[in-house]
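S.K.: no letters, just coordinates:
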DNA sequence: ACCTGAACACCGTTCAAGT
DNA sequence: ACCTGAACACCGTTCAAGT
């Protein structure tokens, strides 16, 4: 990759993010980003080797913004983990269409690494060792990733829930009734309700 | 959509699944599936209106195979839920590349609806009502979806973990050490360890 | 009426041609 | 040396033309 000339990686990622926020992840293309920047399509290849690298830049741009400062140490460790998870969720919620990219490129993101480092410090302080610590970190990540995708692609407040509540009660009685109740569950109650359960379970 | 002539939806989905299993999700295209079936590309449009409908058929084909019979009622409810989650995981693990499609199209899959119906019956019997029941079902789904994607795209046994364990210990000491321990954690221990935690938390 | 191949508007990426 | 537009091999989908 030759030296960039006039654009920073952040400007490039911001342009891609603008395309994604406007046209969705499906609208992301080298041509669209180039047009957004007012340059030729091939000009992008001065900054990235391939489209995948552009995606990595987007992920880094989004996740690099997450606050990874250790939360106030006087709070119980469970609350501190919750604070960290809330920060990650807030960061990703600003660009929900990016979540699938995040899953694929999370490895190379310094933001996620710093976030994980802070979470691990809290877990270690709370006495998590060996496999138990590994499982705790991975299950927290799995929950956040899964819950955000569920919330983005099929929110409880959306028409998927309405459709389920209209299913034939003879065939899906529990689903129909539960879906009716689900319409009154807010996105925050859903997310933090599940997180609280996971946290309780990790603690015992 | 005109009447299908010689192919069933299942044959169509199987051909698409064969393409995905061979070339990955990125290899799925109308042209590739048509070639797999030895027909013209446009012939597919006799069976589906658009590519998205083909994807729905694939999801239904995979998830339709999940065993949704209620587990033995003499087992504790927690164990029965775990059995149901294990079945869903086993079904999806046979075609991990399909998981992202599953997230997007899960609403219309009768397989997922039947699975959820059985899980809800167990939750109701265990005394879950209202929001608590909604949160339990959604968090289980979120965990399964997130954990499977994590396991497929970045397994603990993979080179992502190796790369993390090689990070500069001055900057990421906890990550490096935890990654070294993570290499000895099997995929099953990881998945069911996290699931057990979530289940404990939902129970209290 | 049924089927299909050419065509259109896209895509990522290569590469030669122009400055 | 630097940049770029044409070109190549794809993609989903429309539509006219052929049977």
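M.R.: Yep, it's here. Fair warning: this is a prediction, and the values are worked out from it, not measured in the lab. Residues are numbered from 1 along each chain as shown, chains lettered A, B, ... in the order given.

S.K.: residues of chain A that sit close to DNA strand C?
M.R.: A:28-32, A:41-42, A:45, A:50-52 (CB under 7 Å from any atom of the strand). Just so you know, the C-beta spots here come from the backbone N, C-alpha and C atoms, and that holds for glycine as well.

S.K.: compare those residues and tell me which has the most neighbours.
M.R.: When the residues of chain A next to DNA strand C are compared by neighbour count (other CB atoms under 10 Å in any protein chain shown), residue A:28 ends up highest, at 20 neighbours.

S.K.: before we move on, which element is residue A:32 in?
M.R.: helix A:30-37 (DSSP states H and E).

S.K.: again but with residue A:112, I slipped
M.R.: helix A:110-125.

S.K.: the helix or strand following that helix to helix A:110-125, inter-axis angle?
M.R.: For helix A:110-125, the succeeding helix or strand toward the C-terminus, using DSSP H and E, is helix A:130-153. When axes from the mean of the first three to the mean of the last three CA atoms, to 10 degrees is applied, the directions of helix A:130-153 and helix A:110-125 differ by 130 degrees.

S.K.: which strands or helices does helix A:130-153 pack on?
M.R.: helix A:77-93, helix A:99-105, helix A:110-125, helix A:187-203, helix B:99-105, helix B:130-153, helix B:173-182, helix B:187-203 (3 or more CB pairs under 8 Å, 6 or more residues apart in numbering or on different chains; DSSP states H and E).

S.K.: hmm, the last one in reach of chain A?
M.R.: Yes - counting by CB under 8 Å from any CB of the partner chain, contacts between helix B:187-203 and chain A involve B:189-190, B:193-194, B:196-202.

S.K.: helices or strands up against the helix holding residue A:32?
M.R.: Right, helix A:30-37 is packed against helix A:9-23, helix A:51-63 by 3+ CB pairs under 8 Å, 6+ apart.

S.K.: for DNA strand C, see how far away the residue sitting furthest away from the middle of chain A is.
M.R.: Centroid-distance maximum for chain A: residue A:170 at 37.6 Å, with CA atoms, centre = their mean. Between residue A:170 and DNA strand C the computed distance is 36 Å (CB to the nearest atom of the strand, to the nearest Å).

S.K.: hmm, back to that, other residues contacting the helix holding residue A:112?
M.R.: A:60, A:62-66, A:68-71, A:77, A:80-81, A:84, A:87-88, A:102, A:106, A:133, A:136-137, A:140-141, B:164, B:167, B:172-175, B:178 (CB atoms under 8 Å, 6 or more residues apart in numbering or on different chains).

S.K.: now with 6 Å, please.
M.R.: A:63-64, A:66, A:68, A:70, A:77, A:80-81, A:84, A:106, A:133, A:136, B:172, B:174-175, B:178 (CB atoms under 6 Å, 6 or more residues apart in numbering or on different chains).

S.K.: and the angle from it to helix A:51-63?
M.R.: 50 degrees.

S.K.: how many other residues sit next to residue A:65?
M.R.: Neighbour tally, residue A:65, other CB under 10 Å: 13.

S.K.: in space, what's closest to it - neighbours in sequence excluded?
M.R.: In space, and not counting its chain neighbours, residue A:65 is closest to residue A:91: 5.7 Å by CB to CB, 6 or more residues apart in numbering or on different chains.

S.K.: pLDDT weak spots in chain A?
M.R.: A:1-5 (pLDDT under 70).

S.K.: tell me the domain ranges of it?
M.R.: As given by automatic domain parsing, the domain ranges for chain A are A:9-63, A:77-202.

S.K.: and those, which is most packed in?
M.R.: domain A:77-202 (a mean of 19; mean count of other CB atoms under 10 Å in any protein chain shown).

S.K.: next one: that domain to chain centre, how far?
M.R.: 9 Å (CA atoms, centre = their mean, to the nearest Å).

S.K.: on that earlier part again, now distance to DNA strand D too, for the residues of chain A next to DNA strand C, in JSON lines please.
M.R.: JSON lines is the format used below for those (distance: CB to the nearest atom of the strand, whole Å):
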{"residue": "A:28", "distance to DNA strand D": "15"}
{"residue": "A:29", "distance to DNA strand D": "11"}
{"residue": "A:30", "distance to DNA strand D": "10"}
{"residue": "A:31", "distance to DNA strand D": "9"}
{"residue": "A:32", "distance to DNA strand D": "14"}
{"residue": "A:41", "distance to DNA strand D": "7"}
{"residue": "A:42", "distance to DNA strand D": "4"}
{"residue": "A:45", "distance to DNA strand D": "7"}
{"residue": "A:50", "distance to DNA strand D": "14"}
{"residue": "A:51", "distance to DNA strand D": "13"}
{"residue": "A:52", "distance to DNA strand D": "17"}
